[in-house]
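1. got a predicted structure plus its sequence, pasted below:
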Amino acid sequence: MIAINLASVNKSAKILFGWEDVMVRYDGEGRVEATAVDFPRPQRGGTSQHLLVTMLGEFWRHTDLWLPARAIVRLAEDVGLTRSAVTTALSRLAARGVLENDGGGRSSRYRFTAAARARLVVGTAQIAQFGDPSIPWDRHWTAVAFSVPEKERDVREAFRARLKWLGFAPVYDALWFSPRDRMEQVREIADGYGVEDFMAFRVEDDAFEGRRPAIIDTVEPPRRYAEFAAANEARLKRLQAGELDAREGFRARVEVLDEWRAFPWDDPGMPYELLPEDWPLLRARAAYIAVFEATASLAERHVREVLGELAPEAQAGVLVPATP
């Protein structure tokens with residue numbers, strides 16, 4: 001196992017992602033309706049849509065410039081997607097409101113919608129914070145109870161999905177808990193989805209009678225964290241030995257980020273003081289950030305090489321987080 005200094009990792013993450021030891025969120029500027037964009041959810045083994053959002057979000061979320069489809073296809077092929085899979089994914093992401101399309105055929109080009117860029121600000125911050133041991137817990141929980149009629153099942157499922165992404169988990173059917181202060185975000189998504197019959201409140205940890213809310217699986221996530229850590233420690237050794245070229249470094253960066261993005265869907269981000277001492281998320285987080293740092297220059301070089309060949313006019317929109 002590679003020894004990694006967690007203090008250094010957390011300091012580097014703050015430089016990479018631009019956040020401090022506070023819960024970072026979108027500041028509301030240019031806020032859009034919560035229902036305006038429907039990002040694909042991660043699935044075990046990954047999906048082409050989720051992987052494509054990860055890839056584009058990593059270097060293309062800060063711009064409203066158009067990116068030619070031919071360049072997207074080429075880059076996506078470099079992370080293992082087929083041309084047909086990319087074409088289908090682009091079409092479906094446009095239908096979801098994640099991407100918008102301009103032109104058709106060989107001249108087709110895409111960019112994130114304004115709604116998607118706003119959501120990516122929030123999502124990127126949450127991904128950066130996930131598993132960070134330096135974020136303090138105020139020993140309070142946020143609870144949400146809600147009711148959505150059966151005839152509005154789509155709204156109910158979408159609302160539940162957003163709660164899950166915010167770190168909530170159901171305890172008793174429509175009663176959900178999060179160990180973090182999510183009051184403002186709950187109000188925002190309830191308003192966005194038109195959910196009026198809900199109640200949100202904060203509860204002190206020592207105010208419970210009986211047990212605390214059991215909102216995390218203590219078997220499956222630890223196994224996945226341990227496997228992720230081992231795989232990326234091995235990947236880091238190859239990076240440190242200079243064994244990966246720019247294209248391979250680009251693929252490694254997209255893959256490690258895509259895998260890491262999926263974890264918060266299954267883990268509400270419990271404070272470490274409530275978890276078993278051997279909880280392997282710290283090791284997984286350290287490996288993730290180390291690989292992320294080690295691949296930054298390789299990934300940017302590859303993206304610029306591809307765009308230089310296929311879409312020189314798009315290079316101005318590229319922004320890949322730099323290593324410290």
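-> Great, that's in hand.

2. which parts of the stretch 151-300 of the chain are helices?
-> Listed in chain order, the helices of the stretch 151-300 of the chain (DSSP state H, counting those that start in this stretch) span 153-165, 183-193, 220-240, 246-266, 281-310.

3. out of those, flag the one nearest Thr88.
-> Taking Cβ to Cβ, helix 246-266 is the member of the helices of the stretch 151-300 of the chain nearest to Thr88, at 17.8 Å. Bear in mind the C-beta positions are built from the backbone N, C-alpha and C, glycine included.

4. what residues of the closest one count as buried?
-> Buried positions in helix 246-266, judged by neighbour count with 16 or more other Cβ atoms under 10 Å: 246-264.

5. where's Leu163 relative to Gly249, distance?
-> Computed as Cβ to Cβ, to the nearest Å, the Leu163 to Gly249 distance reads 36 Å.

6. now mean pLDDT and distance to Thr124 too, for the helices of the stretch 151-300 of the chain, in JSON lines please.
-> Listed next are the helices of the stretch 151-300 of the chain as JSON lines, based on pLDDT from 0 to 100; distance: least, Cβ to Cβ, whole Å:
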{"stretch": "helix 153-165", "mean pLDDT": "91", "distance to Thr124": "13"}
{"stretch": "helix 183-193", "mean pLDDT": "93", "distance to Thr124": "15"}
{"stretch": "helix 220-240", "mean pLDDT": "96", "distance to Thr124": "19"}
{"stretch": "helix 246-266", "mean pLDDT": "94", "distance to Thr124": "10"}
{"stretch": "helix 281-310", "mean pLDDT": "97", "distance to Thr124": "12"}
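
7. want to throw those helices into CSV with distance to Arg202?
-> Shown next, in CSV, are the helices of the stretch 151-300 of the chain (distance: least, Cβ to Cβ, whole Å):
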stretch, distance to Arg202
helix 153-165, 16
helix 183-193, 7
helix 220-240, 25
helix 246-266, 21
helix 281-310, 25
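
8. all good on my end, thank you.
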